[in-house]
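Engineer: Just need the structure, nothing else, for what follows:
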Amino acid sequence: MKYNPDKHHRKSIRLKNYNYSNIGAYFITLCAYNRESLFGDVQTGKIILSQFGQIIYNKWNQIPKHFQNVQLDEFIIMPNHLHGIIIIVGAKHSTKDSSKNLHHKQKNASPLRPNGTKPGSLSAPFWQRNYYDHVIRNDKELNEIREYIINNPLKWELDKENPKNWGANL
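Structural biologist: The predicted structure is shown next:
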């Protein structure tokens, strides 16, 4: 089905009037389609990745190779979602050619959006439109989110049926 802006209305869950290309740290949650447990399983508090989970792991770690202004922090792949911290550090271009390539890759990173994405913005590395994000405002929050991510597999039995809890205890 072709995109029709008169028919297809989705409310954005982004922070209104916030520039997501700002330098800073962002807490991201990406969910599997229909929240199916495709990425692995939690056994005795540890995640065992499936083949799909291993692909997600590899692709997540490749983000900085495609987006030179992005650094990765703590992350965890759960059976049906991923939590991670992305840090936008500003543009790092070594040559004019590399900056052209970076701009091209970022602008076209999301073929699902007819108008593309803002180069250098948080949405440029992601293809899923309604991922959850939280702008991390200080070191205390950053450390709390890191702890939440690290301990997420231990809470899987409580959280797996209620995605509204994902990140709610921060």
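
Engineer: All the helices of this protein, in order from the start?
Structural biologist: Listed in chain order, the helices found in the chain under DSSP state H are 51-66, 96-107, 139-151, 156-159.

Engineer: Show the low-confidence segments of the protein, by residue range.
Structural biologist: 1-15, 91-124, 126-130, 159-170 (pLDDT under 70).

Engineer: And the strands in it?
Structural biologist: Here the chain has its strands, by DSSP state E, at 24-31, 40-43, 46-49, 70-77, 81-88, 132-136.

Engineer: Quick check: buried residues in stretch 76-86?
Structural biologist: Buried residues in stretch 76-86, counted by 16 or more other CB atoms under 10 Å: 77-86. Placement of C-beta: from N, CA and C, glycine included.

Engineer: Mind putting those into TSV with distance to L30?
Structural biologist: Rendered in TSV, the data for these read as follows (distance: CB to CB, whole Å):
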residue	distance to L30
I77	9
M78	10
P79	13
N80	10
H81	6
L82	5
H83	8
G84	8
I85	13
I86	11
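
Engineer: Go through these and name the one nearest G40.
Structural biologist: P79 (5.4 Å; CB to CB).

Engineer: one step back: take the strands of the chain and write them to a markdown table, including distance to P125.
Structural biologist: Shown next, in a markdown table, are these (distance: least, CB to CB, whole Å):
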| stretch | distance to P125 |
| --- | --- |
| strand 24-31 | 9 |
| strand 40-43 | 22 |
| strand 46-49 | 20 |
| strand 70-77 | 6 |
| strand 81-88 | 7 |
| strand 132-136 | 12 |
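
Engineer: so which of those gets nearest R146?
Structural biologist: strand 70-77 (4.5 Å).

Engineer: Kindly export the closest one (C-alpha atoms) in CSV.
Structural biologist: C-alpha atoms of strand 70-77 as CSV (Å, rounded to 0.1, in the frame of the first residue of the first chain):
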residue,chain,number,x,y,z
VAL,A,70,27.5,8.4,17.0
GLN,A,71,29.0,6.5,19.9
LEU,A,72,27.4,3.5,21.6
ASP,A,73,27.2,3.0,25.3
GLU,A,74,25.5,0.3,27.3
PHE,A,75,23.0,-1.9,25.5
ILE,A,76,21.1,-5.2,25.9
ILE,A,77,19.2,-7.3,23.4
